[in-house]
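# Prediction below, plus the sequence it came from.
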Amino acid sequence: MAATVPAQVFDVARLDGDPLPVQVLAGEHDGEFARVSGQAIFETTKRPRWWRLTARQAVPADDAPQLVLRTPYLNHVEIWRPGEVMPVRRGLIGDDADPAFSTRALVVPLPQGLAASESIYLRMHMLSPTPMAVTVEPLVDVHRRDLRHVALRTLVLGTLAVLAILAFGFWIGIGERSYAFLLLTLVAQAMYLASIGGEVRMVPWLAQAFGSDPRIGRMFGLLAVLASNSFLMFYLNLPRRQPRLMRVLYGCNLVLLALMLATIGTAASAIALIGNVVLLVSAVTMFVASVVGTWKRQREAYFMLLSWTPMVVLVILRVGELLGAWRNPEWMEYAFPIGFALGGLVLTIGLTDHVHQLRRDRDHASHLATYDVLTGALTRPAIEERLGALVEAAHQGRRPLSVVFFDVDHFKQINDEHGHRIGDQALRIIALRTRNRLRTYDLFGRYGGDEILVVLPDTQLREAMGVAENLRVSVNCRPLSIEGRLLPASLSLGVAELHQGETAGRLLERADTALYGSKAAGRDCVTGHTAARLQEAVS
Ligand SMILES: Nc1nc2c(ncn2[C@@H]2O[C@H](COP(=O)(O)OP(=O)(O)OP(=O)(O)O)[C@@H](O)[C@H]2O)c(=O)[nH]1
């Protein structure tokens, strides 16, 4: 993208008015042309204005010299070469377009070259207030630079298009609304670039729709800022995290909306100016929001800062130029679109990271809701829900199912004597020992403080009594060893098998009754609940 600084080929002069072409070509106004410095044409008025390019030295005709007017955007020009009566008309879109050249510049051949002091007259219709550099390039250089221009623009517009497709896919695929804002931002940016950059001329109906109406590109520009403000407010969670900055952006969006409405009615360039000032305020506000977010270690803000810093610098350079404070180098023409594409890329990655983080948080919350932190057992709501499903399946498949309720004997005493921390460790060890005696598809859940529920699918009462006995032995077989202390512990257990047509609630009630049967029988034993009576199995 090495922009070659054009050699000073011309003295450039401007006439403040729009007299008849015959008068200008006859030299009647030559004395009124005022010299301007540099090699660029720049107007803020939309009324046609005359410009004169006078060759400082002869331009030989050998290498097919071309008059090149850079960054034409929506501007149209009529060009009178020396000695010609009829002008050559040029513009990026419409009948004046020359599709033999890229949208980088308006190009007019100078087949005779130019003699020193010979003048070319231009009648300029400047719809885009961006300076147009004027130079003479050999045809071969024009083509070389055109190819580079096409490659770069394709890369930028292609990147925006791919990101927009990804945003659309994510929006539809995972239903995350912020991707819709991102999609709107990317599409509006791409359309803005393609309309002012002239690429829309490749699609005839778009070119016809856009024609040379500067309002369309402007509308997309305003929409792009509006959409990106909305996306970024959402992305950085400004309503909650930085409400004051949020209000500034909200105000910017209201002004942008008003400007969009005004654009329907008028093409006044004041709209572009106000739009650019709002863009500057939005960009600086976003920049501050991302610096504050980064300072507060908000992860999204890192991505935002990365994508926004170059954009803020570019916007400041651009607005400064539009306000006439300075002239930007030629590479700015590419810096802006590349800034858009890179910004879009970083934000897409950032948003994906954000969504990933949300999912991790959700998974973590769901894990906390499902598993007890102390013992790793299922929580009460989780095991109740699964038990309900297993009971239904057992009824349908006419298969047996049993449950075991157990409670640590005199657990309060362990707490009282050794403290809650040791009590916690005792619970953890008991849970570990008992769970190791179960099959992988048995369910193990913490029902209350020191009360555990075990669900044994495909298991009849007799087998379940055996399992419960194993659980009992796993705890009382040896004392719990905690921080150098040996604490004897035992369990009381109650077992019940599902009856035909019985509800999960009723099954649990019977197991609970059996458990209290064990407590009443002196603890450290297993009691089964049959239809008729409590059956004490082991003690
Ligand atoms: N360390 C600890 N203690 C708990 C926890 N949850 C409940 N507890 C205590 O466990 C004890 C339960 O006591 P109970 O089951 O009512 O009675 P117990 O002392 O075990 O006596 P029995 O059940 O009649 O044998 C209470 O002192 C609770 O404070 C916990 O997560 N950690």
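All right, it came through fine.

# how far away is residue 59 from residue 115?
8 Å (CB to CB, to the nearest Å). Quick note: C-beta positions are derived from backbone N, CA and C, even for glycine.

# Neighbour count for these two, which is higher?
Set residue 59 next to residue 115 and count neighbours by other CB atoms under 10 Å: residue 59 wins out with 20 against 11.

# surely the more buried one meets residue 67?
No: judged on CB atoms under 8 Å, residue 59 makes no contact with residue 67 at a distance of 9.3 Å.

# okay, and the common contacts of these two?
Residues touching both residue 59 and residue 67 by CB atoms under 8 Å, 6 or more residues apart in numbering: 110, 136.

# so where's the stretch 201-350 of the chain shaky on pLDDT?
By pLDDT under 70, the low-scoring segments of the stretch 201-350 of the chain are 211-212.

# Which residue ranges of it form strands?
Counting by DSSP state E, counting those that start in this stretch, one finds no strands in the stretch 201-350 of the chain.

# In it, which residue sits nearest the ligand?
Of all residues in the stretch 201-350 of the chain, the one sitting closest to the ligand is residue 297 (33.4 Å; CB to the nearest ligand atom).

# so what's residue 314 closest to, chain neighbours aside?
residue 339 (5.1 Å; CB to CB, 6 or more residues apart in numbering).

# What about residue 461, how many residues nearby?
Counted with other CB under 10 Å, residue 461 comes out at 19.

# actually residue 342, not the one I typed
Counted with other CB under 10 Å, residue 342 comes out at 16.

# With the one 10 residues further on instead?
Close neighbours of residue 352, defined as other CB under 10 Å, add up to 17.

# With residue 16 instead?
If we define neighbours as other CB under 10 Å, then residue 16 has 10 of them.

# Next up, the contacts around it.
32, 34, 49.

# The residue nearest to residue 314 reaches residue 318, doesn't it?
No: counting by CB under 8 Å, no contact exists between residue 339 and residue 318, whose distance comes to 10.1 Å.

# near the ligand, which residues of the chain?
Counting by CB under 6 Å from any ligand atom, the chain comes close to the ligand at 374, 407-413, 415, 420, 423-424, 427, 449-450, 519, 523.

# related to what we said a few turns ago, which of residue 339 and residue 318 has more neighbours?
Taking other CB under 10 Å, residue 339 and residue 318 do not tie; residue 339 has more neighbours (21 against 18).

# Which of the helices and strands in this structure ranks last by mean pLDDT?
The helix or strand of the chain with the poorest confidence is strand 534-538; it has a mean of 49 (mean pLDDT, DSSP states H and E).

# can you pull the buried residues of the strand or helix carrying residue 165?
Per DSSP states H and E, residue 165 falls inside helix 139-174. Of all the residues in helix 139-174, those buried under the rule 16 or more other CB atoms under 10 Å are 141-143, 145-146, 149, 152-153, 156-157, 159-161, 163-164, 166-168, 170-171.

# Run through who's touching whichever helix or strand comes after it.
Going down the chain from helix 139-174, the next helix or strand is helix 178-197, by DSSP H and E. Residues from elsewhere that reach helix 178-197 (CB under 8 Å, 6+ apart): 73-74, 103, 128, 153, 156-157, 160-161, 163-164, 167-168, 170-171, 199-200, 210, 216-217, 220-221, 223-224, 227-228, 230-231, 234-235, 337, 340, 344, 347-348, 351, 354.

# Just the C-alphas of helix 178-197, formatted as CSV.
Extracted in CSV, the C-alpha atoms of helix 178-197 (Å, rounded to 0.1, in the frame of the first residue of the first chain):
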residue,chain,number,x,y,z
SER,A,178,-25.8,-9.3,20.1
TYR,A,179,-24.7,-11.1,16.9
ALA,A,180,-27.7,-9.4,15.2
PHE,A,181,-26.3,-6.0,16.1
LEU,A,182,-22.9,-7.1,14.9
LEU,A,183,-24.4,-8.3,11.7
LEU,A,184,-26.1,-5.0,11.1
THR,A,185,-22.9,-3.1,11.9
LEU,A,186,-20.9,-5.2,9.4
VAL,A,187,-23.4,-5.0,6.6
ALA,A,188,-23.9,-1.3,7.0
GLN,A,189,-20.1,-0.8,7.0
ALA,A,190,-19.7,-2.9,3.9
MET,A,191,-22.5,-1.1,2.1
TYR,A,192,-21.1,2.2,3.2
LEU,A,193,-17.7,1.3,1.8
ALA,A,194,-19.0,-0.2,-1.4
SER,A,195,-21.3,2.8,-2.1
ILE,A,196,-18.8,5.6,-1.6
GLY,A,197,-16.0,3.5,-2.9
